[in-house]
Structures are given as structure tokens and as C-alpha cells.
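Student: Below are the sequence and a predicted model for it; my questions follow.
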Amino acid sequence: MIHCLGLSPALDVTYTVPALAPGGIHRPGMVIKLAGGKSLNVARALASLGQPVHAIAPLGGSIGSMIIEQLAASPIRLTAVNTDTQTRFCVTVADTTAASLTEFYEHDDDLGAGTWMELDAAIKAVDDGWLVLSGSVPRGIPLPDLAGALRGAADRGVRVAVDVHGEALAVLVALARPHLVKINRSEAAELLGLEASRAADVPLAGLVTSVHQLGAEIVVITDGVHGSLARDQDGSLWRARSAAPPDIYSVGSGDSFLAGLVEALAADRPLRDAMYAAAACAAANAEAPGAATFTLGALTRARAAVTVEPDMLSGWDLRT
């Protein structure tokens, strides 16, 4: 079983319009409402891959109730932790003529100590498979306690994966010692204390190796249209690329990538194969609106465009 832990869920709404005009009135051609936030996107992608999946999320208010109702009709098993905090509402507007996205993401609010205690209990109940934490960590979640809960899961034999950013990433890598860290280039640079102006010039292999030295067994860093790079505990590097032209609907591609990666690793497939599956899921997601709603047909087309090749470590050194 793969367990998806999300601390900042949302109801994600996507509107498609022929052209986005600031100040104008728009009548969307398509409206898609999905249980979202990164973790629930990962869970939905895993379900699309036929993987049994369990989601853990704090949900509150009318929006939280909508998400609970939607997931009840899906293959995803949900542990909903009640919170007095209204669940977020996020909007993406897709301009189909300009092939661009405009996004509005509400901030995640303080969940409170009581909600954290219930989440902690839900984490402690996980005793098998994988536990995947993704998305932002809101105020009210004590980071050392979260790290301790994840470390406890790892001590029970659960493989822990994290896809977070900022202070939470630094604390969890240092204290939780996750099996898998999946982040993007800018998140890796921030973790390593690199200035933004310098980060773009750093070879991806250098970033992956430097993050790997912080303790995770497997590190994967994504780099947009330039593909992604993974390093395992043996030092092997695998670079995944897709030759498919970039599509407009990128929201959820990173989450679909993570789902494909973990699904393959959970089946004890080699890291090379897991990177292939991850890149294909990410590309398939971008074909149509709605995060992590890709079809098996889209996945088949995406697979044909993906390549995974061994990579070499550059001479870059974080200290230079």
C-alpha cells in the first residue's frame, strides 16, 4: 500500500477560456473541480495506475466536505482528519489560444495543535509500504515533531518519500532521513544555500550529488523541459528526458511524476525503470486539463517519447 500524506489539501478548479482578458467577463468552455493539493494529486495518479492508495489529509468546512464526497466515489481510501480550518480553494485559468496558465493559490492556514495530534496518530498507524509526504507544510505543524513521526514510520519498515520545500525540506532531510527525496532545481538550490543567480548554472548532477550527501538513499531532481536526474545509494545517475513537445496543462505533472516514480519503486523495479515511468506520467498529465487525470492512452503515447540514460558526475563542487 502507498500512503499519501498531504498537509495542505485544496479543491482545485480549472477553467479553460479562449483568451484571458484582465478586467473582462469570461465564460469557461470547461470547468474541472478536483480534490487537490499535491498529495491528493499524487494519490489520484497512483489510482489511475491501478495502485491501491490511502490518502491522509486534514479537511474542514464546506470545501473539505466536497473533497470527502468526491474521494468517497473514487478508488482512493481516505483518512480525513477533521479541522476547524476551512480547506483551501485554488483556481487555474487556461488560456487555450496563448497556451498559458494563470494560477490563484490560497495560502494554507494554521491547522492548530489538535489537528496535528490527530495527524500524528494517523501517521503512527501506517506500518507498511510507502508513506509519501508532498506539498507545503502549513503553520501549526511542528517540524521536529513531523520529522520524528516520519522517522518513526521509517523505523517500522515504511519507506518514506518527501516532496516539500523551504524550511520543511531542510528539517525533514536532516531529521527524518527519508528513503526518497524528490524536488525541483530551485528547491534543491535553496536547500543547499545557493544564490538564485548561481543556481541556474549549476550542473544538475552536482545538485543531485550534494543533496544525496545530506542523507537520502535516492534523490531525484526535476528541471522542467530539461528533464530530471536521479541518484541512488550506489552512486548511479539516471537522466530522464521526454521528446514530446511541452503541453499547456503542466499543473500536476510533478505530482504525476512522483506517483510514477513511487509506484515503480514500490514494485521493486530498478531506478532506471522508475525514472522512465515517472517521466511518462508527467508528460501524459500535460496533455489535458485536470491534474493527475491522465488516461492510459496518453500514458502510452508519452512512454514512446521518453528516454532514460546513465549520466556522469561533473566536476562541480558546492564549495567552489
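Tutor: Structure's in. What do you need? Residues are numbered from 1 along each chain as shown.

Student: Report the distance from the lowest-mean-pLDDT helix or strand in the chain to the chain centre.
Tutor: Least confident helix or strand, the chain: helix 196-199 with a mean of 73, by mean pLDDT, DSSP states H and E. How far helix 196-199 lies from its chain's middle: 23 Å, per CA atoms, centre = their mean, to the nearest Å.

Student: now for it, which elements pack on it?
Tutor: helix 185-191 (3 or more CB pairs under 8 Å, 6 or more residues apart in numbering; DSSP states H and E). For every residue, glycine as well, the C-beta is placed using N, CA and C.

Student: where's the residue most central in space within the chain, which helix or strand?
Tutor: By CA atoms, centre = their mean, the chain has its centre lying nearest to Asp255, at 3.7 Å. According to DSSP states H and E, Asp255 maps onto helix 253-266.

Student: Next SSE downstream of that helix?
Tutor: helix 271-285.

Student: Could you check how far that next one is from the centre of its chain?
Tutor: Its chain's C-alpha centre and that of helix 271-285 lie 13 Å apart, by CA atoms, centre = their mean.

Student: what about the closest residue in space to Leu59 that isn't next to it in sequence, distance to His54?
Tutor: Distance criterion CB to CB, 6 or more residues apart in numbering; nearest residue to Leu59, sequence neighbours excluded, is Ala80 at 4.7 Å. Separation of Ala80 from His54 (CB to CB, to the nearest Å): 12 Å.

Student: again with Cys4
Tutor: On the measure of CB to CB, Cys4 and His54 end up 7 Å apart.

Student: Kindly report the same for Arg44.
Tutor: As judged by CB to CB, Arg44 and His54 stand 13 Å apart.

Student: got any residues that touch both of the two?
Tutor: Ile76 (CB atoms under 8 Å, 6 or more residues apart in numbering).

Student: Show me which of the two is the more surrounded one.
Tutor: More neighbours surround Arg44 than the other of Arg44 and His54, with 30 against 20 (other CB atoms under 10 Å).

Student: could you pull out the strands for the chain?
Tutor: For the chain, the strands defined by DSSP state E occupy 2-5, 10-17, 30-36, 53-59, 77-82, 88-95, 100-105, 130-134, 159-163, 180-184, 218-222, 228-231, 237-242, 306-310.
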